[in-house]
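Asks: would you be able to build a 3D model of this:
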Amino acid sequence: MSTHLLLIDPQNDFCDLPPDWLPRSPVTGEAIRPALPVAGAHADLQRAASLVARLGGQLDAITVTLDSHHRIDIAHPGFWLEAASGRAPGPFTPITAAQVRAGAYRPRDGAQLARTLAYLDALEATGRYTLMVWPVHCQMGSWGHGVHAGLQAALDTWTDAQGRSVAVVTKGENPWTEHYSALQAEVPDAADERTELNQALLTELDRFDRVLIAGEAGSHCVRATVEHLAAHLPSRQLSKLVLLTDCISPVAGFEAQQAEFLAAMQAQGLQLALSTEVQA
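Replies: Numbering: from 1, shown residues only. Sure thing, here's the model as predicted:
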């Protein structure tokens, strides 16, 4: 049985790392902390690392997706101004098209108002998400953008032993659309093929008899990726997709969304398993 391991956004900024795992800034001397830690993610990714070490050569391929953002992004505070305070809105602020039309929020660059409203209207029309202002996270080039150190060490060992590279898929570089899913942005930008459905990744994953899936967060990026995978897998053999439930955790406050997602995927034929149960 050929097996592909898909690791979705296993990045430092999403990990609830203990203090002794945190680096220090050479500029301030202070600990660099994850921007958007998911409770349970550190343990999730340690279990994923153990899976890589245990299965070793029985893993025929590994793909890592990386959330990859600019500091100024439509889902980051610096893009926006709040009318009441004249400052950027705080993280975890939802913003709707109606609020922007009412003047409660506006893009800092006023010339971008029409484009911003067009995006919000298109996003809300999908019925999947309302725009959320997240903390600046997974900024390209930052420590937070990197892979969890324990998992990276396991991936390096696998690469050296197998003589095959881990494939890396980035998503989120376009600052004009949210890109939870590794397969497609929430609102594809016709001028940017990176935001369109990633047919190459779909085809690659479908070559294998089994696709093991782990990563963060189950309420958002894992959920969006797997929903797109289930909707667009060319073979429609959804039973080959295996969600490793002990290697996936939700953003705090979104536990119900992860539970709904897992139940919905299982109902469609995807498998749920613990990483410790997976055999070669």
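Asks: use CA for all of it now, contacts and neighbours both
Replies: Noted.
Asks: check contacts around residue 123.
Replies: By Cα atoms under 8 Å, 6 or more residues apart in numbering, the contact set of residue 123 is 129-131, 186-187.
Asks: nearest to residue 17 among those residues?
Replies: Nearest to residue 17 among the contacts of residue 123, counting by Cα to Cα, is residue 131 at 27.1 Å.
Asks: distance of that closest one from residue 10?
Replies: 23 Å (Cα to Cα, to the nearest Å).
Asks: and if you look at residue 213?
Replies: 11 Å.
Asks: only the buried subset of the contacts of residue 123, as a ChimeraX command please.
Replies: This is the ChimeraX syntax for the buried subset of the contacts of residue 123, where burial follows 16 or more other Cα atoms under 10 Å:
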select :130,131,186,187
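Asks: report the lowest-confidence entry in the contacts of residue 123.
Replies: Checked by pLDDT, these have residue 129 as the lowest-scoring entry (88).
Asks: residues contacting it?
Replies: residue 123 are the contacts of residue 129 under Cα under 8 Å, 6+ apart.
Asks: what's the spacing between residue 247 and residue 275?
Replies: Distance from residue 247 to residue 275, by Cα to Cα: 7 Å.
Asks: between these two, who's got more neighbours?
Replies: residue 247 (28 against 22; other Cα atoms under 10 Å).
Asks: the more buried one against residue 47, yeah?
Replies: Yes - between residue 247 and residue 47 a contact is recorded at 6.4 Å, counting by Cα atoms under 8 Å.
Asks: between these two, which contacts overlap?
Replies: Residues touching both residue 247 and residue 47 (Cα under 8 Å, 6+ apart): residue 275.
Asks: just send the contacts of residue 123 back as CSV, with secondary structure and distance to residue 5 too.
Replies: Formatted as CSV, the contacts of residue 123 follow (DSSP: H, G, I helix; E, B strand; the rest coil; distance: Cα to Cα, whole Å):
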residue, secondary structure, distance to residue 5
129, coil, 27
130, coil, 30
131, strand, 30
186, coil, 24
187, coil, 27
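Asks: chain center to the helix or strand containing residue 42: distance?
Replies: Using DSSP states H and E, residue 42 maps to helix 41-55. Remark: helix 41-55 is offset 17 Å from the chain centroid, using Cα atoms, centre = their mean, to the nearest Å.
Asks: tell me what it is packed against?
Replies: Contacting helix 41-55 under the criterion 3 or more Cα pairs under 8 Å, 6 or more residues apart in numbering; DSSP states H and E are the following elements: helix 149-162, strand 210-216, strand 241-249.
Asks: recalculate using a threshold of 7 Å.
Replies: Secondary-structure packing of helix 41-55 (3 or more Cα pairs under 7 Å, 6 or more residues apart in numbering; DSSP states H and E): helix 149-162, strand 241-249.
Asks: most tightly packed of those?
Replies: Among the helices and strands packed on helix 41-55, strand 241-249 has the highest mean neighbour count (mean count of other Cα atoms under 10 Å), at a mean of 24.
Asks: any idea of the mean pLDDT for that strand?
Replies: Throughout strand 241-249, pLDDT has a mean value of 98.
Asks: residue 80: neighbour count?
Replies: By the measure other Cα under 10 Å, the count of residues near residue 80 is 24.
Asks: could you measure from the closest residue to residue 52 other than its chain neighbours over to residue 210?
Replies: Spatially, and ignoring its direct neighbours in sequence, residue 52 is nearest to residue 154 (6.4 Å; Cα to Cα, 6 or more residues apart in numbering). The span separating residue 154 from residue 210 equals 20 Å under the rule Cα to Cα.
Asks: returning to that earlier point: report the angle between the helix holding residue 42 and strand 210-216.
Replies: 150 degrees (axes from the mean of the first three to the mean of the last three Cα atoms, to 10 degrees).
Asks: quick one, helix 41-55 and helix 149-162 angle?
Replies: Computed by the same axes, to 10 degrees, the angle separating helix 41-55 from helix 149-162 equals 20 degrees.
Asks: pLDDT (mean, whole number) over stretch 22-35?
Replies: Stretch 22-35 comes out with an average pLDDT of 94.
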